[in-house]
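Participant: what's the 3D shape of this:
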Amino acid sequence: MPASERRKRLSFRAILPSIVTILSLSAGLTAIKLSLDGRFEHAVVAIILAAVFDGIDGSLARLLKTASRFGAELDSLSDVIAFGVAPAMILYVWGLNQLGGIGWIVTLLYAVCMALRLARFNSMLDDDEEPRKRYGFLTGFPAPMAAYVALTPMMIDFEFTGVFSENLWLVALTTAFAAMGMVSKMPTYSLKQLFIRKDHMMYLLISVGMLVAMITTYQWKPVIVFIAGYMFFLPFSIRRFYLLSKKDKEKTPAA
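Facilitator: Below is the predicted model:
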């Protein structure tokens, strides 16, 4: 086959990460449909599934050495829909619509902040000197975690009926908090910082199996605990970043 023909072809390996990204996007859009059908628990599950796909596509691209600018842009556009528009619409249909104009303002705020967060992320892709990126931190809530935080009132309501559906102002405040967390400059831990020793791999796999069993048994409680744990560690990530930047400044000689 001529070299020019080979260059026009793409292997399945090259497009596999983009296929996973499309699955994430599709899960987010499906979540909107499910919420319009009144199937809110299934809608939130679809968002969680979208987050799983989102976590796989980037790692898959790096593993297969097929990362590209196209894939990065597609991933960001997918995230805007799956973790920005979809959660906002789910929350609006579920209860924020009952707050009238305020509910719609909060819905728009969340979706807009997601778009701004991802635009900022893309603009920093090639900036290796950005302090948070240099130390291995993210800036603000990552897109899937922001969706989890915003949807937490719904998850709690699934477990304890009426806790938030009867206190919709708390839902609006939680949504606004997730929105502000995305566009903040707060340093947050990145999964890229996490490493595990090879001899501990078996324990990790066992833990994953137990986590899946807990979710299927106790449904929303393990997810709520996970989100609470993430929020608990936020002050530690801020403190860690502060200590690293302070140590770096001390090493830098004064001009």
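
Participant: so where is the stretch 51-200 of the chain shaky, pLDDT-wise?
Facilitator: Filtered on pLDDT under 70, the stretch 51-200 of the chain yields the residue ranges 125-131, 191-198, 200.

Participant: Helices of that one, start to end?
Facilitator: Residue ranges of the helices in the stretch 51-200 of the chain, as given by DSSP state H, counting those that start in this stretch, are 69-79, 86-94, 101-123, 131-134, 143-159, 168-183.

Participant: Point out the most buried one among those helices.
Facilitator: Across the helices of the stretch 51-200 of the chain, averaging neighbours per residue (mean count of other C-beta atoms under 10 Å) puts helix 86-94 on top, at a mean of 25. C-beta here means a position set from N, CA and C on the backbone, and glycine is covered the same way.

Participant: which helices and strands does it pack with?
Facilitator: Here helix 86-94 touches helix 12-36, helix 40-64, helix 101-123, helix 143-159, helix 168-183, going by 3 or more C-beta pairs under 8 Å, 6 or more residues apart in numbering; DSSP states H and E.

Participant: what about the helices of the stretch 51-200 of the chain, which gets the closest to Tyr230?
Facilitator: helix 143-159 (6.3 Å; C-beta to C-beta).

Participant: Restricting to C-alpha, output that closest one in CSV.
Facilitator: Provided in CSV are the C-alpha atoms of helix 143-159 (Å, rounded to 0.1, in the frame of the first residue of the first chain):
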residue,chain,number,x,y,z
ALA,A,143,-15.7,18.7,35.9
PRO,A,144,-17.0,15.2,37.1
MET,A,145,-16.5,16.1,40.8
ALA,A,146,-18.4,19.4,40.3
ALA,A,147,-21.3,17.4,38.9
TYR,A,148,-21.1,15.0,41.9
VAL,A,149,-21.2,17.9,44.3
ALA,A,150,-24.1,19.6,42.5
LEU,A,151,-26.1,16.3,42.4
THR,A,152,-25.4,15.4,46.1
PRO,A,153,-28.7,16.8,47.3
MET,A,154,-30.5,14.5,44.9
MET,A,155,-28.5,11.5,46.1
ILE,A,156,-29.2,12.3,49.7
ASP,A,157,-32.9,12.6,48.9
PHE,A,158,-32.9,9.2,47.2
GLU,A,159,-31.7,7.7,50.5
